[in-house]
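*Asks:* Sequence and predicted structure are below.
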Amino acid sequence: MPVQGYFKKHPISFSYWIGEQDLQVQPETGIWHDAFPIHPDPNSIQSPVTYGDYFKAVQVFLEQDDGICLQHAIDRLFENAPTLRDIDRIAIHLIKHGEFYHPGRIDICLNGVVLSFLVNVALSKSGMVTAENEFELLNRLKQTGCGLFLPEVIDLKKNRLASGLDVWIFSAQWLDGFHEWHISRNPDDGNQGIVVWNATNENQWLSRNQTDLLYRKIAEILTCFYQPDTGDQIFPWHHAAGDFIIRIKEDRVDVRLVTIRQYGSMLDLEIDRPEDVFLSVMLFLCNLSIRTRLDRVDGTGDYIWADSAGVRATVAGFMDGLMKKEPFRNFSKSPAACFLDYAHTMTHDDVHQLCTAVVNAYNPKAPEMAIIHDGLPAHSESLYQVLLDL
């Protein structure tokens with residue numbers, strides 16, 4: 001348990017870093033006073049924010065209430081949990097800038113060992129609303145049978161700094177060895193491929209087999225959280241935002257989902273009759289197959305479709321997730337078997353019309369809409385061909 005007044009009697013040394021390990025920031029000098037690159041919506045910012053504001057906000061989160069959030073993270077995430085007395089120093093790493101959060105890694109150094117956990121820091125009004133909602137969703141869905149695919153969340157706190165800045169921070173598990181990934185162009189041959197970003201080693205290009213395993217696992221995770229009986233699902237999600245991260249160990253590909261913006265039904269559809277249920281499932285698959293293929297080149301460039309080979313892997317992962325679901329209502333067969341019966345009645349025109357209906361429900365002003373419309377006919381054909389082979 002935290003000791004009252006501990007940090008006043010036993011101050012811990014803090015250091016501040018930008019990136020995984022690259023640039024150390026000294027308090028009150030240089031970049032400490034530079035403006036933070038916040039999302040460009042001028043209405044979303046309370047007041048100008050600096051790098052120093054960010055680091056002080058995280059330090060306050062760790063020290064407040066005699067370090068209770070720090071001790072909670074240690075107790076929840078690590079075996080044989082040490083106490084605050086065991087800590088030699090703490091390093092705060094600003095990892096990246098996102099639309100809603102500015103994630104940081106907290107490295108706790110003790111007796112030659114480093115323990116790490118994550119903090120998501122919301123400095124804008126939209127980020128604060130998102131943080132509160134996402135913390136609740138991650139915490140709730142972590143308790144389900146699919147929770148192994150999510151990080152564990154720990155504490156959510158709102159603070160007001162001396163400058164008057166309001167900050168929401170929530171702490172969570174740091175998924176060691178997992179990395180962000182994006183579609184890119186291989187400089188050796190110019191072909192499209194997936195590159196895994198690794199700040200400590202060289203970036204890694206995925207093989208065809210590894211790419212298929214990635215898409216298959218993403219589809220399985222999203223289908224695992226999908227409820228055919230109600231239509232509830234995780235949506236929206238975006239590869240361009242780094243929602244899924246990957247860890248590669250030899251031939252094994254592990255994937256985790258690290259953010260959940262909303263959970264509910266995205267369809268205005270009454271799911272009463274049996275045929276309504278599997279129409280809803282088919283619409284889920286259409287959306288899944290489209291969104292799985294979309295990314296920005298190198299995470300921030302133009303939108304791009306992944307090559308069509310990923311469609312087969314996506315459908316395979318969807319079936320993996322569906323086969324784990326128990327029968328519901330009065331269906332005599334499993335959800336997977338019922339879906340196969342339904343899918344085998346689909347014509348090419350049926351598949352294309354359903355994919356079009358899904359796309360028509362997207363935000364028409366979204367920047368990816370032009371490329372989606374351009375590629376949709378070919379995508380519908382690819383999806384139909386895969387369904388024929390089930």
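*Replies:* On my side now, so go ahead. Quick caveat, the model's predicted, so the values are computed rather than measured.
*Asks:* How many residues are close by residue 34?
*Replies:* 11 (other C-beta atoms under 10 Å). Just so you know, the C-beta spots here come from the backbone N, C-alpha and C atoms, and that holds for glycine as well.
*Asks:* check contacts around it.
*Replies:* Under the criterion of C-beta atoms under 8 Å, 6 or more residues apart in numbering, the contact partners of residue 34 comprise 50, 51.
*Asks:* Try it again at 6 Å.
*Replies:* Each residue near residue 34 by C-beta atoms under 6 Å, 6 or more residues apart in numbering is listed here: residue 51.
*Asks:* So it versus residue 52, what's the distance?
*Replies:* Residue 34 sits 9 Å away from residue 52, going by C-beta to C-beta, to the nearest Å.
*Asks:* Alpha carbons only: can I get stretch 295-315 in CSV?
*Replies:* Presented in CSV, the C-alpha positions along stretch 295-315 are these (Å, rounded to 0.1, in the frame of the first residue of the first chain):
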residue,chain,number,x,y,z
ASP,A,295,-4.9,1.4,-44.5
ARG,A,296,-2.8,4.6,-45.1
VAL,A,297,0.6,4.1,-46.8
ASP,A,298,3.1,4.1,-43.9
GLY,A,299,0.3,5.0,-41.5
THR,A,300,-0.1,8.7,-42.6
GLY,A,301,0.0,8.7,-46.4
ASP,A,302,-2.7,8.1,-49.0
TYR,A,303,-5.4,5.5,-48.4
ILE,A,304,-4.8,2.2,-50.1
TRP,A,305,-6.4,-1.2,-50.5
ALA,A,306,-4.4,-4.2,-49.4
ASP,A,307,-4.1,-6.8,-52.1
SER,A,308,-7.0,-9.1,-52.6
ALA,A,309,-5.2,-12.2,-51.2
GLY,A,310,-6.0,-10.9,-47.7
VAL,A,311,-9.8,-11.5,-48.3
ARG,A,312,-9.4,-15.2,-48.0
ALA,A,313,-7.4,-14.8,-44.8
THR,A,314,-10.1,-12.4,-43.4
VAL,A,315,-12.9,-14.9,-44.2
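*Asks:* Quick one: the strands in the stretch 101-250 of the chain, in order.
*Replies:* In the stretch 101-250 of the chain, the segments counted as strands under DSSP state E, counting those that start in this stretch are 104-110, 113-122, 153-160, 166-173, 181-185, 192-196, 204-205, 232-234, 244-249.
*Asks:* out of the ones you listed, deepest packed?
*Replies:* strand 166-173 (a mean of 23; mean count of other C-beta atoms under 10 Å).
*Asks:* ok, back up a step: so for residue 355, which of the strands of the stretch 101-250 of the chain sits nearest?
*Replies:* Residue 355 lies closest to strand 232-234 among the strands of the stretch 101-250 of the chain, at 16.7 Å (C-beta to C-beta).
*Asks:* Now do that closest one: which elements does it pack against?
*Replies:* Here strand 232-234 touches strand 263-265, going by 3 or more C-beta pairs under 6 Å, 6 or more residues apart in numbering; DSSP states H and E.
*Asks:* buried sites along the strand it packs on?
*Replies:* Taking 16 or more other C-beta atoms under 10 Å as the basis for neighbour counts, the residues of strand 263-265 that come out buried are residue 263.
*Asks:* That one packs against which elements?
*Replies:* Looks like strand 263-265 contacts strand 232-234 (3+ C-beta pairs under 6 Å, 6+ apart).
*Asks:* now the strand it packs on: mean pLDDT?
*Replies:* Per-residue pLDDT values across strand 232-234 average out to 96.
*Asks:* in its sheet, what does that strand sit against?
*Replies:* Using DSSP bridges, strand 232-234 pairs in its sheet with strand 263-265 (antiparallel).
*Asks:* what's in contact with the partner strand?
*Replies:* Strand 263-265 is touched from outside by 137, 231, 232, 234, with contacts defined as C-beta under 6 Å, 6+ apart.
*Asks:* going on from it, what's the next piece of helix or strand?
*Replies:* Using DSSP states H and E, the helix or strand that directly follows strand 263-265 along the chain is helix 274-292.
*Asks:* what angle separates that next one from strand 244-249?
*Replies:* Per axes from the mean of the first three to the mean of the last three C-alpha atoms, to 10 degrees, the angle that helix 274-292 makes with strand 244-249 is 70 degrees.
*Asks:* next SSE after helix 274-292?
*Replies:* Per DSSP H and E, the first helix or strand lying C-terminal to helix 274-292 is strand 294-296.
*Asks:* what are the bridge partners for the residue lying closest to residue 48 once chain neighbours are set aside, then?
*Replies:* Leaving aside its sequence neighbours, residue 48 sits nearest to residue 35 (C-beta to C-beta, 6 or more residues apart in numbering; 6.1 Å). On the basis of DSSP bridges, residue 35 is bridged to residue 50.
*Asks:* Look up the pLDDT of residue 98 for me, please.
*Replies:* In this prediction, residue 98 carries a pLDDT score of 85.
*Asks:* so how far is residue 290 from residue 371?
*Replies:* Relative to residue 290, residue 371 is positioned 11 Å away (criterion: C-beta to C-beta).
*Asks:* the more surrounded of these two?
*Replies:* Neighbours per residue (other C-beta under 10 Å) separate residue 371 from residue 290, with residue 290 holding more: 23 against 14.
*Asks:* Just the pLDDT for that one.
*Replies:* 98.
*Asks:* again, but for residue 40
*Replies:* Per-residue confidence for residue 40 comes out at a pLDDT of 52.
*Asks:* Now do the contacts for the residue nearest in space to the middle of the chain.
*Replies:* The geometric centre of the chain, computed from its C-alpha atoms, lies nearest to residue 243 (C-alpha atoms, centre = their mean), at 2.5 Å. Residue 243 is in contact with 237, 259, counting by C-beta under 6 Å, 6+ apart.
*Asks:* do the same with the one 10 residues further on
*Replies:* Contact analysis of residue 253 by C-beta under 6 Å, 6+ apart lists 210, 213, 214.
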